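> structure, please.
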Amino acid sequence: MAWSKRARHGAMATLVATVVLTALSLLWLWLTSYGEAGVTPMSFLKIGVVIAIVWASIGATMAFFIVMVLNKNERLDRR
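Got it, this is the predicted structure:
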């Protein structure tokens, strides 16, 4: 399936938003919990990986639907 310019833009915007939200989540986690008693670097790394996986899953799902909706709208516009 060939992607249009709008579909590529939608996918790229979703990728950027996913990376930004992942970074903000990890920053918030770092500022609120790192260095407290019982939080080791390894435990921070483990929960950070889980957060990154969850955000990546959300971003991939949203990108899929955004691209599909944009492609459908472009097919309807051609009629």
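
> now do the one helix or strand Leu21 maps to: distance to the chain's middle.
Element membership of Leu21, judged by DSSP states H and E, is helix 5-33. Offset of helix 5-33 from its chain centre (C-alpha atoms, centre = their mean, to the nearest Å): 5 Å.

> show me what contacts the residue nearest the centre of the chain?
For the chain, the residue nearest the mean C-alpha position is Thr18 (2.4 Å; C-alpha atoms, centre = their mean). For Thr18, the contacting residues are Trp55, Ala56, Ile58, Gly59, Met62, Ala63, by C-beta atoms under 8 Å, 6 or more residues apart in numbering. C-betas here are computed from N, CA, C, even on glycine.

> now Trp3
Counting by C-beta under 8 Å, 6+ apart, Trp3 touches Ala11, Val67, Asn71.

> for the first one, which non-adjacent residue is closest in space?
Right, Ala11. Nearest residue to Ala11, sequence neighbours excluded (C-beta to C-beta, 6 or more residues apart in numbering): Ala63, at 5.0 Å.

> what's the answer for the last one, then?
Of all residues not flanking Asn71 in the chain, Ala7 sits nearest, at 5.7 Å (C-beta to C-beta, 6+ apart).

> that neighbour reaches Leu70, doesn't it?
Yes: Ala7 lies in contact with Leu70 (C-beta atoms under 8 Å); the separation is 4.8 Å.
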